[in-house]
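J.: Compute the structure for the input listed below.
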Amino acid sequence: MTDFPETEIQAAKNTAEPLAGSSNRKALACGFVIAVIAFSLINLLALGTLSERASGLTREALSKRSEESSQQGSWSFWVARNYLMKEKAPPVVMFGSSLIGSATFSADTLTVKNYRDCVVDRRAATLEKDLKLCLGANTEVFNASIPGSMASDAFLLSCALFKPDDKPQLVIIGVNPRDFIDNTVTAPADTEPFQFFSRYVSLGNLSKAAFSDPFAYLDWTFHQYVPLKRLNARLGEIAMQLSRLGQTRGDEHPRTLVSHLNVKRSILQVFMGGGMDIRKGEWLIPYPMPYGFQDNMPEYMRRYKNPKPALYSAEKRFFNAFLSRLKDENIKVIVVNMPSTYPNRSLLPDSFWHEFRTYLSSTCTKYGADYMDLSDDFRFIISDYLDTVHLNSAGGTRLFNIIASKIGSSPALSAAAIPQELPPELRSNVKTSSTNNSWR
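T.: Modelled structure (predicted):
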């Protein structure tokens, strides 16, 4: 064997290393280019997943969701479904959280003298009855309340459902401080309604206000505008749909106060419950509705711990946008500062209440909305409540009598509350005087 000098071996090694390094770099560069091209091609093939925002939330879009096939989903899904399955938009739509929901469903049990299914019984029978007494004409009121709804959620819901040629004439918005300052919510984007409706709505300059930090905003932006991310979400829905194969459809379940897990729910749990497995026949308000007051002060002590969290300014921006959009759509608006008991109100300092009421009043004036402050109205007494904020059947009946009277006393609101297809002579003869406010 021939022995090469050490210097020659070292020289050969030094020459080989740059060649290998250059080859590796070329391979990495080539692999990166191939990966980018593959990623781009996949995203081009998945561009159809971005069409949801362009087309908006429609019956067709809803029918493609896994919730429709299983008849099981969130409150957002069910509210959207009940609204979109109508042939035309109802003249009046109510927005709000469980405060509007509890008042509506509780009062309606008395009006219809039967139970109410919070999933599908979305016509506000009590307010419809009171409006007929005030206006002398039948109308339809749709209850679009969602448990835990924030001001931002109401805005997104309206953007997703209201179309230029298919929208209500009058909107009633029930608000409460919790809709703006809930300390258990970090940012508007944290809620289930936001996650559901934002895929069908363009947020525009409200995008950054929806998130608690820049990284969350960037991740959401990436998810919204990179088709592959949207496709991944769609695959998740398909997987959920496959997992539900063989389950009994919600409309085949008996109407019972016991859930499919055989867990009994209290009345308040029905009003405030959430989740993704909501089905017809399992969220009922009984008739007659039993009276029982529950102390929920510890819960609201957590929600109101900080009366001015960062969330407050973000929710104000969404509320302003909500009223501005309704004004641009020529939809009449009534904002109702919902009643609550003194112990609940006392959790927030007087300085907050002064600022909050001033904000609501001035903002309504700015956008041409009517404003009713019932937050400390003396007509609501302790026996009108299920807890410190949720109204029972007596309180709900009282609330809608007051709202109907407000509508009946205004020619503009009265005209907006009745269907447009009524003959002109009937519309011109609508009563505009308030009803008897004596409490039954």
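J.: Which residue, other than its chain neighbours, is closest to Leu284?
T.: Tyr115 (5.0 Å; Cβ to Cβ, 6 or more residues apart in numbering). For every residue, glycine as well, the C-beta is placed using N, CA and C.
J.: Measure how buried the one you found is and give me the count.
T.: 17 (other Cβ atoms under 10 Å).
J.: Next: Thr341.
T.: 18.
J.: contacting residues around the nearest residue to it once chain neighbours are set aside?
T.: Among residues not flanking Thr341 along the chain, Thr388 sits closest, at 4.5 Å (Cβ to Cβ, 6+ apart). For Thr388, the contact set (Cβ atoms under 8 Å, 6 or more residues apart in numbering) comprises Asp295, Asn296, Met297, Tyr300, Ser340, Thr341, Pro343, Asn344.
J.: tell me the phi and psi of Thr388?
T.: phi -80, psi -10 (degrees, to the nearest 10).
J.: For it, give me the pLDDT.
T.: At Thr388, the predicted lDDT confidence score is 97.
J.: So it versus Asn337, what's the distance?
T.: Counting by Cβ to Cβ, to the nearest Å, the gap between Thr388 and Asn337 amounts to 16 Å.
J.: how about Ser97, what does it touch?
T.: Ser97 neighbours (Cβ under 8 Å, 6+ apart): Ser145, Ile146, Pro147, Gly148, Ser149, Met150, Gly174, Asn176, Arg178, Asp179.
J.: The fifth one looks like it's in a helix, true?
T.: No: residue state for Ser149 (DSSP: H, G, I helix; E, B strand; the rest coil) corresponds to coil; a helix is not indicated.
J.: neighbours around it, how many?
T.: 29.
J.: Check the fourth one too.
T.: Gly148 is surrounded by 19 other residues when neighbours are defined as other Cβ under 10 Å.
J.: Look up how far Gly136 lies from it.
T.: Relative to Gly136, and taking Cβ to Cβ, Gly148 is found at 37 Å.
J.: and for stretch 163-173, what are the contacting residues?
T.: 56, 88-96, 142, 154, 158, 162, 322, 326, 329, 331-336, 403, 407, 413, 416-417, 420.
J.: what does the average pLDDT come to for it?
T.: So the average pLDDT for stretch 163-173 ends up being 95.
J.: Please parse the protein into its domains.
T.: For the chain, automatic domain parsing gives the domain ranges 6-45, 55-428.
J.: right, so those domains: which one is the most enclosed?
T.: Of all the domains of the chain, domain 55-428 carries the top mean neighbour count, a mean of 18, counting by mean count of other Cβ atoms under 10 Å.
J.: how about the strands in the stretch 251-400 of the chain?
T.: 284-285, 332-337, 370-373 (DSSP state E, counting those that start in this stretch).
J.: For those, give me TSV that also has mean pLDDT and distance to Glu68.
T.: Listed next are the strands of the stretch 251-400 of the chain as TSV, based on pLDDT from 0 to 100; distance: least, Cβ to Cβ, whole Å:
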stretch	mean pLDDT	distance to Glu68
strand 284-285	92	22
strand 332-337	98	31
strand 370-373	98	37
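J.: Could you save those as CSV and add columns showing distance to Phe271?
T.: Shown next, in CSV, are the strands of the stretch 251-400 of the chain (distance: least, Cβ to Cβ, whole Å):
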stretch, distance to Phe271
strand 284-285, 8
strand 332-337, 17
strand 370-373, 22
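J.: Surely Leu161 touches Leu84?
T.: Yes: contact criterion Cβ atoms under 8 Å: Leu161 and Leu84 qualify, at 7.0 Å.
J.: Test my guess that Phe371 contacts Leu360.
T.: Just to correct that, residue 371 is Tyr rather than Phe. Yes: with contact defined as Cβ under 8 Å, Tyr371 counts as touching Leu360 (6.2 Å).
J.: which residues do those two both contact?
T.: Common neighbours of Tyr371 and Leu360 (Cβ under 8 Å, 6+ apart) are Val335, Asn337.
J.: Isn't Lys132 up against Asn138?
T.: Yes: proximity of Lys132 to Asn138 meets the contact threshold set by Cβ under 8 Å, at 5.7 Å.
J.: Pretty sure Phe194 sits in a helix.
T.: Yes: assessed with three-state DSSP, Phe194 lies in a helix.
J.: measure it to Ile172 for me?
T.: 22 Å.
J.: Could you do Ile403 as well?
T.: For Ile403, the distance to Ile172 - Cβ to Cβ - is 7 Å.
J.: Kindly report the same for Val141.
T.: From Val141 to Ile172 the distance is 8 Å (Cβ to Cβ).
J.: Next: Leu413.
T.: For Leu413 relative to Ile172 (Cβ to Cβ), the value is 10 Å.
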